[in-house]
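# pasting the sequence and the predicted model now:
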Amino acid sequence: MICAGDEDDPFPADDCLFAETFSQETIYNLIGQELKITQVFGANLGVAAPVWEAALHLCGYLEDQPVELRGRRIIELGAGTGVVGIVAARLGADVTLTDLPVALPQLQANVSANMPSSGWPSAPPTVLPLSWGKDHMDFPSDWDLVLCADIIYLQETYPLLVETLAHLCKSGAVVYLSSKMRKEHGTQGFYEEYLPTRFNVKLVHRDNKQNNNIYRAALREDQ
């Protein structure tokens with residue numbers, strides 16, 4: 001059952017995306033890495049269950065630039081299934097994957113299922129709960145990159161997300177955010193009104209067909 005949205009874009013206005021619980025395993029080939037990702041669709045997980053197209057777009061962008069990942073300290077917000085962060089960890093990044101507590105079992109299971117046969121090239125990815133604007137101060141600020149894929153959909157969380165990003169980026173981290181640009185969620189407003197209050201924001205990639213934007217952001221010097 002889809003609670004909101006339409007056939008072309010079944011993204012919910014709330015968190016009751018699926019009425020019944022079932023799982024689906026899918027193979028993804030991203031940045032030269034083959035990932036086996038389990039998506040647990042259920043009412044409790046809501047938007048954390050699927051692999052959203054924005055995550056795949058972000059992986060493609062990181063490969064095409066390319067953005068150096070090996071040896072970087074990376075934190076992913078709203079990691080969901082963990083696709084982006086797991087790819088980065090397999091390529092040698094030191095990765096912390098975060099989401100709300102309800103999403104962590106799925107996230108940890110996917111991390112465990114995608115350990116390379118030779119072991120993680122850096123440290124195994126860390127999976128931790130993070131509620132924006134509440135416990136972000138429990139995290140350090142010495143990241144190199146902050147990665148975000150399709151996390152801009154609840155307007156009441158926008159100020160909390162900006163506050164969280166500002167803390168994580170105090171030491172100069174660069175943020176990459178990939179978003180489906182949904183009018184009903186005011187996604188454009190986040191990038192034009194909320195994020196620029198603390199960050200220099202640049203649109204670095206636009207997919208017109210998929211209506212997906214990728215932004216690069218860095219904390220303003222006056223912050």
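Ah, there it is.
# how about low-confidence regions in the protein?
Along the chain, the parts satisfying pLDDT under 70 run over 1-22, 42-50.
# hey, where'd the strands end up in it?
Taking DSSP state E to define them, one finds strands in the chain at 22-30, 33-41, 73-77, 94-99, 126-129, 145-149, 174-180, 199-207, 212-219.
# okay, the ones you listed in JSON lines with distance to E193 and mean neighbour count next?
(Glycine included, C-beta is placed from N, CA and C.) Formatted as JSON lines, those follow (distance: least, Cβ to Cβ, whole Å; neighbours: other Cβ atoms under 10 Å):
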{"stretch": "strand 22-30", "distance to E193": "32", "mean neighbour count": "13"}
{"stretch": "strand 33-41", "distance to E193": "32", "mean neighbour count": "17"}
{"stretch": "strand 73-77", "distance to E193": "19", "mean neighbour count": "23"}
{"stretch": "strand 94-99", "distance to E193": "25", "mean neighbour count": "26"}
{"stretch": "strand 126-129", "distance to E193": "28", "mean neighbour count": "17"}
{"stretch": "strand 145-149", "distance to E193": "17", "mean neighbour count": "25"}
{"stretch": "strand 174-180", "distance to E193": "14", "mean neighbour count": "23"}
{"stretch": "strand 199-207", "distance to E193": "11", "mean neighbour count": "15"}
{"stretch": "strand 212-219", "distance to E193": "13", "mean neighbour count": "20"}
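# distance to L161 for those - can I get that in CSV?
Shown next, in CSV, are these (distance: least, Cβ to Cβ, whole Å):
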stretch, distance to L161
strand 22-30, 25
strand 33-41, 23
strand 73-77, 8
strand 94-99, 12
strand 126-129, 16
strand 145-149, 8
strand 174-180, 10
strand 199-207, 11
strand 212-219, 11
